[in-house]
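Student: Structure for this input, please:
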Amino acid sequence: MSGRDYTQYMFAGATTGKGRLVLALVKRYASDHPTITFDGLRAAFPDSLQADSPSQFDRMRCVVCRVADVPEESRRRFFMAEEECIQLPNETAVVSREWNLHNVQNVLALAEQLGYRVTIYTDV
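Tutor: Below you'll find the predicted structure:
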């Protein structure tokens with residue numbers, strides 16, 4: 001076994017891995033709060049959710065970032081495709097791909113607080 005975590009998560013009818021789960025949660029939250037600003041989205045999904053992991057690959061430790069603020073060398077660490085970007089009233093945000101078994105627990109706890117139902121499948 002490789003030690004890699006292949007846990008799958010179901011949210012809003014889609015089954016995904018950790019990164020796409022976080023993307024879906026942030027996108028849902030933004031959709032549920034159509035007037036939210038970037039600062040409001042970052043307050044709802046603070047950097048601490050992602051940044052306390054002992055195994056991050058990139059120096060940028062955040063959940064959401066302004067698309068304009070992602071340096072070229074970090075672009076592959078964010079969901080940057082047009083359909084993955086989150087258009088807010090005041091700018092465009094992107095979500096980090098840097099999720100592992102440790103830091104996704106923070107997001108799962110937040111999802112529960114927000115009333116978002118996530119089902120976890122570990123036998124994949």
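Student: send the alpha carbons of the lowest-mean-pLDDT helix or strand in the chain over as PDB?
Tutor: Of the helices and strands making up the chain, the lowest-confidence element is helix 48-51, at a mean of 82, by mean pLDDT, DSSP states H and E. As requested, C-alpha coordinates have been extracted for helix 48-51 and formatted as PDB (Å, rounded to 0.1, in the frame of the first residue of the first chain):
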ATOM      1  CA  SER A  48      -6.200  28.000   9.600                       C
ATOM      2  CA  LEU A  49      -8.400  25.300   8.200                       C
ATOM      3  CA  GLN A  50      -5.700  24.400   5.700                       C
ATOM      4  CA  ALA A  51      -2.500  25.700   7.200                       C
END
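Student: Show me what that helix is packed up against.
Tutor: Helices and strands touching helix 48-51, by 3 or more CB pairs under 8 Å, 6 or more residues apart in numbering; DSSP states H and E, are helix 104-114. Quick note: C-beta positions are derived from backbone N, CA and C, even for glycine.
Student: tell me how far the helix it packs on is from the chain's mean position?
Tutor: For helix 104-114, the gap between its own C-alpha mean and the chain's C-alpha mean amounts to 11 Å (CA atoms, centre = their mean, to the nearest Å).
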